[in-house]
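[1] Prediction below, plus the sequence it came from.
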Amino acid sequence: MILGPHVDFIVAAYAVTVFVVVALMAWVILDYLAQRRILGDLEERGVTRHSGRAGKVER
Amino acid sequence: MSAFTALLARDMRIAIRVGGGALMGALFFLIVVTMMPFAIGPDLALLARIGPAILWLGALLASLLALDRLFATDHDDGSLDLLMMGRMPLELAIAAKGIAHWLTTGLPLVLITPVLGLMLNVELGAMGWVSLTLLAGTPALTFIGLIGAALSVALRRGGLLLAVLVLPLTIPVLIFGVAAANAAIVGPAPFGPPFTILCALSLASFVLGPIAAAAALRHGLE
Amino acid sequence: MAVIDLANPTRFLAVVNRVLPWLMAATILAFAFGLARVMYAPDDYQQGATVKIMFLHVPAAWLGMMGWGVMTVAALGTLVWRHPLADVAGKAAAPIGAAFTFICLVTGSLWGRPMWGTYWVWDARLTSVLVLFLLYLGVLALYWTAEDPGRGSRAAAILALVGAVNIPIIKFSVEWWNTLHQPASIIRSGGSAIDPSILMPLLIMAGAFTLLFFTLHLAAMRNEILRRRVRSMRLMQASRA
């Protein structure tokens, strides 16, 4: 595969795309881990979602 | 007097009295246009060429920034709740408020445009055309801006959020407004097509703006 | 399991947990396959090897627009049916759509430099993608400023619908304003203008990016559901304390 005289631009375009996609994936994964951790903490402390008010809309 | 005209008259009275924002938009417009030559230099030939664009951009910013408090004051004193509970459809009430707002801030902009045009070295004959495009286009800005005003009052945020939400939506108005003004002044493209599209944008936003703004208020303030 | 069961966030989470690994695997496979085809794709006789940027640029543009489509559908779900899952879908789609629109802009700019001699030209398509990006930023700003997630979702839903009406108008007016760009060449009457040796990898890459979009979207929706659970649990805790 020969990329010719504009190899910098091609590599830069792929690098930017990879960077943005990796950033998105990192955001999704780290956010997931963080939410799971907080949920675990809350459950450990005995907080539940359905205490008292039975008809509460779940969000 | 019907509820519609009563609301129209009330909003205009509030805008005109002491503390109202009626002339603030025109004043802001004057200042923005005065700043322009400081930024780009006092070259009269250049100013004459980009004069219509400066006038349009100034009018765009002035009419949007003035929208900030449109629903917020009514929300603060509770009259917005009355409007939402009233028998008049909320869309109609918002249209009345929009018309009142345009008459007190949009129309003054159009009226002082010829004076500012003189300062920008736009020809006197051409000034009428630029004013005409602003007369046709500023209602679109007001009624698109209504949506942003309703959204920002529903979120209890104002100011810059409104501009961020609304400015991209006003790009077509700006494009056809400046194009019509330039067509009238320098040509060679005909004046008709961009001007009629500008009128179409105004009419369409006159319908869609109040509907979307009413939806934003209903969903936001429940 | 009926489709209607998906409406329940808990069941939805269970389905996402089951589906997500398969979607991830499919995405990776599609990208491996697509990138292999891209490597062996011939150069364009005019644009040389820079045509390789197209395999990123064009799918990113499609997905940037599709993101707004997802938000529009979700907005209808939010406003008409008041469905919490639609709120979540709309909120999760916004940053992903914005990211793909950003990729489209940057790769387009990097493609423009060798081809047109400048990073940015105010031509019709670049400009309308830029406006789309600004609209996305507006939606993100709205979510960012809203304190109450439900209120923010409804406001964003209205903005998404207003944008959906406006995007074609903006596109039309920007094109009217400046038509320098080459005309649409992939979908037009009388068959495709692109040679199959380039079109096939492009379509495979578009498929791979679409899979990536939905993988990220489902994962982000799962995060958002969990975030709302955390919020409601904290509110519960605060009201009891």
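    Now that the structure is in, tell me what you want to look at.
[2] tell me the mean pLDDT for stretch B:35-43?
    On average, the pLDDT along stretch B:35-43 is 82.
[3] Pull the CA coordinates from it and hand them back as CSV.
    This file holds the C-alpha atoms of stretch B:35-43, laid out as CSV (Å, rounded to 0.1, in the frame of the first residue of the first chain):
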residue,chain,number,x,y,z
MET,B,35,-18.2,49.1,16.5
MET,B,36,-17.8,47.6,13.0
PRO,B,37,-15.7,50.4,11.4
PHE,B,38,-13.3,50.2,14.4
ALA,B,39,-12.8,46.5,13.7
ILE,B,40,-12.4,46.6,9.9
GLY,B,41,-11.2,50.2,9.3
PRO,B,42,-12.9,53.3,8.1
ASP,B,43,-12.5,52.5,4.4
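[4] so what's B:A93 up against?
    Counting by CB atoms under 8 Å, 6 or more residues apart in numbering or on different chains, B:A93 makes contact with B:A3, B:F4, B:L7, B:L83, B:G86. All C-beta atoms are positioned from the backbone trio N, CA, C, and that covers glycine.
[5] Pull the contacting residues for B:R157.
    Contacts of B:R157 were listed using CB under 8 Å, 6+ apart, and they are C:T145.
[6] Figure out the helix or strand that it lives in.
    In the assignment (DSSP states H and E), B:R157 maps to no helix and no strand.
[7] That one and C:L135: what is the separation?
    Using CB to CB, to the nearest Å, one gets 18 Å for the distance from B:R157 to C:L135.
[8] Likewise for B:H219?
    Going from B:H219 to C:L135 by CB to CB gives 19 Å.
[9] which residues sit in contact with the residue nearest the centre of chain A?
    Geometric centre of chain A, nearest residue: A:V28, 0.7 Å, by CA atoms, centre = their mean. Listed by CB under 8 Å, 6+ apart, the contact set of A:V28 reads C:L216, C:A219, C:A220, C:N223.
[10] One more pass at 6 Å, please.
    With contacts defined as CB atoms under 6 Å, 6 or more residues apart in numbering or on different chains, A:V28 is in contact with C:L216, C:A219, C:A220.
[11] and stretch C:234-241, anywhere near chain A?
    Yes: using CB under 6 Å from any CB of the partner chain, we find that stretch C:234-241 touches chain A at C:Q237.
[12] cool, and stretch C:89-107?
    Yes: Stretch C:89-107 comes into contact with chain A (CB under 6 Å from any CB), by way of C:A99, C:I103, C:V106, C:T107.
[13] of all those, which comes closest to C:E147?
    Taking CB to CB as the measure, C:E147 lies nearest C:A99 of the residues of stretch C:89-107 next to chain A, at 24.7 Å.
[14] Count the neighbours of that closest one for me.
    For C:A99, the count of nearby residues is 22 (other CB atoms under 10 Å in any protein chain shown).
[15] Kindly report the same for B:I171.
    Other residues within reach of B:I171, judged by other CB under 10 Å, total 20.
[16] any idea how far it lies from C:L135?
    From B:I171 across to C:L135, the span is 10 Å (CB to CB).
[17] How about C:A75: what's its closest non-neighbour residue?
    Spatial nearest neighbour of C:A75, chain neighbours left out: C:A157 (3.6 Å); criterion: CB to CB, 6 or more residues apart in numbering or on different chains.
[18] helix or strand right after the lowest-mean-pLDDT helix or strand in chain C?
    Lowest mean confidence among the helices and strands of chain C (mean pLDDT, DSSP states H and E): helix C:149-177, at a mean of 82. With elements assigned by DSSP H and E, the helix or strand that comes after helix C:149-177 is helix C:196-240.
[19] For that following helix, give the mean pLDDT please.
    Computed over helix C:196-240, the mean pLDDT rounds to 86.
[20] and if you look at stretch B:50-70?
    83.
[21] Quick one: residues in contact with that stretch.
    If you take CB under 6 Å, 6+ apart as the criterion, stretch B:50-70 is touched by B:21, B:25, B:28-29, B:32-33, B:36, B:101, B:105-106, B:109, B:113, B:120, B:122, B:130, B:134, B:138, B:141-142, B:145, B:149, B:158-159, B:162-163, B:166, B:177-178, B:181-182.
[22] Chain B: helices as residue ranges?
    Taking DSSP state H as the test, the helices found in chain B are B:3-16, B:24-40, B:44-65, B:72-77, B:79-85, B:90-101, B:107-119, B:124-154, B:160-166, B:171-185, B:192-220.
[23] Same list, those helices, but as CSV with distance to C:R82 please.
    Shown next, in CSV, are the helices of chain B (distance: least, CB to CB, whole Å):
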stretch, distance to C:R82
helix B:3-16, 30
helix B:24-40, 38
helix B:44-65, 31
helix B:72-77, 23
helix B:79-85, 18
helix B:90-101, 19
helix B:107-119, 40
helix B:124-154, 16
helix B:160-166, 23
helix B:171-185, 32
helix B:192-220, 9
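[24] So which of these is nearest C:I204?
    Using CB to CB, the helices of chain B put helix B:171-185 closest to C:I204, at 34.8 Å.
[25] isn't B:P210 right up against B:I94?
    Yes: contact criterion CB atoms under 6 Å: B:P210 and B:I94 qualify, at 4.3 Å.
[26] gap between B:L208 and chain A?
    The spacing between B:L208 and chain A, counted by CB to the nearest CB, to the nearest Å, is 31 Å.
[27] Spell out which residues of chain B are next to chain C.
    Neighbours of chain C within chain B, by CB under 6 Å from any CB: B:147, B:151, B:154-155, B:157, B:161, B:164-165, B:168-169, B:171-172, B:175, B:212, B:215-216, B:219-220.
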